[in-house]
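*Asks:* Could you work out the structure for the sequence below:
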Amino acid sequence: QVQLVESGGGLVQAGGSLRLSCAASGLSFSYYTMAWFRQASGKEREFVAAIAWSGDRIDYADSVKGRFTISRDNAKNTAYLQMNSLKPEDTAVYYCAAAFVLANNYYNREMYHYWGQGTQVTVSS
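*Replies:* Next comes the predicted model:
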């Protein structure tokens, strides 16, 4: 049974930092492209960042470029999202997602096979 478990969310002041983790089990982690999406209240789920299964490609949404960093540790079956210079508009539930050998079209949430339960990130002004 595949499980993706996010952790690291919380309440932080604007300008602060958080590091999200996504621990995966039940899948061959090194063959999965890992991504983070977020969903603010009343809005659609949107792409944040992705790191290719091969590790040689990383993409970010324009809104987080230069502030967020996605990474992965295949030995620990874990993906990370380091979030710096947080803004109130970053407030959302953040979801981890996995897609088998996905090589492109990272922005499309329909491409992902597995999802975590989400972790709340709240940025106060």
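
*Asks:* tell me the contacts of the residue nearest to A52 when sequence neighbours are not counted?
*Replies:* Of all residues not flanking A52 in the chain, T33 sits nearest, at 5.2 Å (CB to CB, 6 or more residues apart in numbering). The way it works is simple: take the backbone N, C-alpha and C, and place the C-beta from them, glycine included. T33 makes contact with 50-53, 98-103, 106, according to CB atoms under 8 Å, 6 or more residues apart in numbering.

*Asks:* Let's see that with 7 Å instead.
*Replies:* 50-53, 99, 102, 106 (CB atoms under 7 Å, 6 or more residues apart in numbering).

*Asks:* Out of these, which one has the weakest pLDDT?
*Replies:* pLDDT across the contacts of T33 is lowest for L102, at 87.

*Asks:* do you know how far that residue is from A50?
*Replies:* Remark: distance between L102 and A50 (CB to CB, to the nearest Å) = 8 Å.

*Asks:* Between the two, which is the more surrounded one?
*Replies:* Remark: of L102 and A50, A50 carries more neighbours, 26 against 21, as counted by other CB atoms under 10 Å.

*Asks:* count of neighbours near the closest residue to A103 other than its chain neighbours?
*Replies:* Leaving aside its sequence neighbours, A103 sits nearest to A52 (CB to CB, 6+ apart; 6.8 Å). Counted by other CB under 10 Å, the residues lying close to A52 total 20.

*Asks:* Let's verify the nearest residue to R67 once chain neighbours are set aside: helix, strand, or coil?
*Replies:* What sits nearest to R67 in space, not counting adjacent residues and going by CB to CB, 6+ apart, is S85, at 4.6 Å. Three-state call for S85 (DSSP: H, G, I helix; E, B strand; the rest coil): coil.

*Asks:* quick one: S85 from S54, how far?
*Replies:* S85 is 29 Å from S54, by CB to CB.
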